[in-house]
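[1] With the input below, show me the fold.
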Amino acid sequence: MAPFFVVMFALRVIDFSIAFCPDTKPHMLPACRHAPCVSRKMQVFSSSANNLVDDETNHTTTSSMMTLNLVGKTVILSLPTLFNDSKSMHDFFALPRTAELLLKGSKNNTIHEIQIVDSELYEQYRNNCALLNASLPNSVDRIYNVTTSGVRFPGLNVMSIVTIGVKLISTSHFPSYEIVLIRDMNYAEGNPLFLWFFNKVTGNDKITKSGPGYKKVQSAFSINRISVVPKENGTIAFEGNATLSLLLQFPAFLFKALPGASKEKYEKTGGKYLKKALEDDLPAALEGLRREYDRWLQS
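    The predicted structure follows:
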């Protein structure tokens with residue numbers, strides 16, 4: 001599962017590269033050693049940032065925050081495979097390795113099951129399920145930390161750890177999974193200017209502060225329903241019905257600095273990127289599930 005926020009971060013970096021370094025191609029965004037182009041961008045950030053008053057420490061601020069609501073949805077079917085009712089599909093779905101195979105995705109993410117779930121984590125799981133119209137959790141649901149391999153941008157390396165709840169839903173016919181994002185932690189290393197912008201967009205700048213009111217507000221929400229679909233000639237396919245949404249906040253002056261920018265444009269573009277991220281990852285996961293099912297039948 002890819003880092004959910006990096007899609008929008010890439011869009012913003014590309015736009016700033018075009019806006020203030022018109023002779024530089026987006027994929028050739030210069031690092032610190034290219035002084036002329038970076039210094040122009042540094043002026044844009046620093047001149048406005050110096051006038052900002054943090055609205056968490058002072059309610060009188062000279063700049064408001066802009067919020068984007070990005071939504072990506074997709075439905076993917078695996079290739080068909082023969083169904084054999086001599087072995088229970090429920091037994092296959094109940095195997096821990098079956099769900100873990102889906103969580104590894106196409107990038108072979110690192111998976112760690114959380115054995116002791118505290119009340120705060122369980123409550124957040126419950127709240128997110130209610131928000132996403134998913135079945136409410138119970139004690140037999142499995143919860144995992146999933147660490148991605150990281151995404152590199154010019155001048156920045158972004159990593160992510162997401163906590164995901166997996167519910168097995170039993171029916172009289174075929175079982176299914178509801179896979180819900182509970183929380184995420186994102187961090188980055190690299191160019192200090194990009195780090196500042198990254199932390200501002202993702203809300204990571206608030207995590208380092210102390211005291212009540214500084215708990216990071218969740219901005220990413222996701223649900224993936226994995227089910228079995230009967231097909232013709234005694235075959236089945238595995239279906240993934242996924243929704244990924246992001247709420248992103250960043251200083252309005254950054255948005256106003258982009259020529260021709262509009263909230264609707266970036267929500268639409270960001271939603272397309274989220275949909276593409278799902279379409280890039282989900283087919284490989286479903287194909288792995290299909291192959292594992294075939295192996296399990298033969299075992």
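[2] Provide a complete list of residue ranges assigned to helices in this protein.
    Ranges of helices within the chain are 6-20, 35-49, 89-94, 96-104, 119-131, 192-202, 252-256, 263-298, based on DSSP state H.
[3] Worst mean pLDDT among these?
    When those are compared by mean pLDDT, helix 35-49 comes last with a mean of 28.
[4] what lines up beside the longest strand along the chain in the sheet?
    Counting by DSSP state E, the longest strand found in the chain is strand 235-251. Using DSSP bridges, the strands paired with strand 235-251 are strand 65-77 (antiparallel), strand 81-82 (antiparallel), strand 220-230 (antiparallel).
[5] okay if I get these as TSV plus mean neighbour count, distance to residue 138 and mean pLDDT?
    C-beta here means a position set from N, CA and C on the backbone, and glycine is covered the same way. Below are these laid out as TSV (neighbours: other C-beta atoms under 10 Å; distance: least, C-beta to C-beta, whole Å; pLDDT from 0 to 100):
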stretch	mean neighbour count	distance to residue 138	mean pLDDT
strand 65-77	17	27	89
strand 81-82	14	30	96
strand 220-230	19	17	94
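[6] do you know which of those strands lies nearest residue 256?
    Checking the strands paired with strand 235-251 against residue 256 by C-beta to C-beta gives strand 65-77 as the closest, at 8.7 Å.
[7] Now do the closest one: everything it contacts.
    Residues outside strand 65-77 that contact it (C-beta atoms under 8 Å, 6 or more residues apart in numbering): 7-8, 55, 229, 237-252, 254-255, 263, 266-267, 270-279, 282-283, 286.
[8] swap the cut-off to 6 Å and go again
    The contact list for strand 65-77, computed with C-beta atoms under 6 Å, 6 or more residues apart in numbering, reads 237, 239-250, 252, 255, 266-267, 270-271, 274-275, 278-279, 282-283.
[9] hmm, which of the residues you listed are the buried ones?
    Burial by neighbour count, 16 or more other C-beta atoms under 10 Å: within the contacts of strand 65-77 this picks out 237, 239-246, 248-250, 255, 266-267, 270-271, 274-275, 278, 282-283.
[10] The most far-flung residue of the chain relative to its centre and residue 130, how far apart?
    Farthest-out residue of the chain from its mean C-alpha position, per C-alpha atoms, centre = their mean: residue 86, at 38.0 Å. From residue 86 over to residue 130 the distance is 39 Å, taken as C-beta to C-beta, to the nearest Å.
[11] cool, and residue 259?
    According to C-beta to C-beta, residue 259 and residue 130 sit 41 Å apart.
[12] and residue 195, how many residues sit next to it?
    17 (other C-beta atoms under 10 Å).
[13] quick one, what contacts it?
    Here residue 195 is in contact with residue 188 (C-beta under 6 Å, 6+ apart).
[14] repeat that for 8 Å
    Taking C-beta under 8 Å, 6+ apart as the test, what residue 195 contacts is 156, 188-189.
[15] Tabulate those (a markdown table), appending neighbour count, pLDDT and distance to residue 179.
    Output for the contacts of residue 195, formatted as a markdown table (neighbours: other C-beta atoms under 10 Å; pLDDT from 0 to 100; distance: C-beta to C-beta, whole Å):
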| residue | neighbour count | pLDDT | distance to residue 179 |
| --- | --- | --- | --- |
| 156 | 22 | 77 | 28 |
| 188 | 23 | 79 | 25 |
| 189 | 12 | 80 | 29 |
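[16] Where strands are concerned, which of these count?
    Among these, the members found in strands (DSSP E) are 156, 188-189.
[17] and which of these is nearest to residue 64?
    The closest of the ones in strands among the contacts of residue 195 to residue 64 turns out to be residue 188 (C-beta to C-beta; 24.8 Å).
[18] wait, doesn't that closest one sit right on residue 198?
    Yes. Using C-beta atoms under 8 Å, residue 188 is in contact with residue 198, at 5.0 Å.
[19] and for those two, which residues touch both?
    In contact with both residue 188 and residue 198: 156, 158, using C-beta under 8 Å, 6+ apart.
[20] Restrict stretch 102-115 to CA atoms and write it as CSV.
    Extracted in CSV, the C-alpha atoms of stretch 102-115 (Å, rounded to 0.1, in the frame of the first residue of the first chain):
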residue,chain,number,x,y,z
LEU,A,102,-2.9,-8.7,0.1
LEU,A,103,-1.2,-6.3,2.5
LYS,A,104,2.2,-6.9,0.9
GLY,A,105,0.9,-5.6,-2.4
SER,A,106,3.0,-5.3,-5.5
LYS,A,107,6.0,-3.8,-3.6
ASN,A,108,6.4,-6.6,-1.0
ASN,A,109,5.7,-4.3,2.0
THR,A,110,6.9,-5.4,5.4
ILE,A,111,4.0,-6.8,7.5
HIS,A,112,3.9,-7.0,11.3
GLU,A,113,0.7,-8.1,13.2
ILE,A,114,-0.1,-6.2,16.3
GLN,A,115,-0.7,-8.8,19.1
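[21] Having no further points to raise, I will conclude here.
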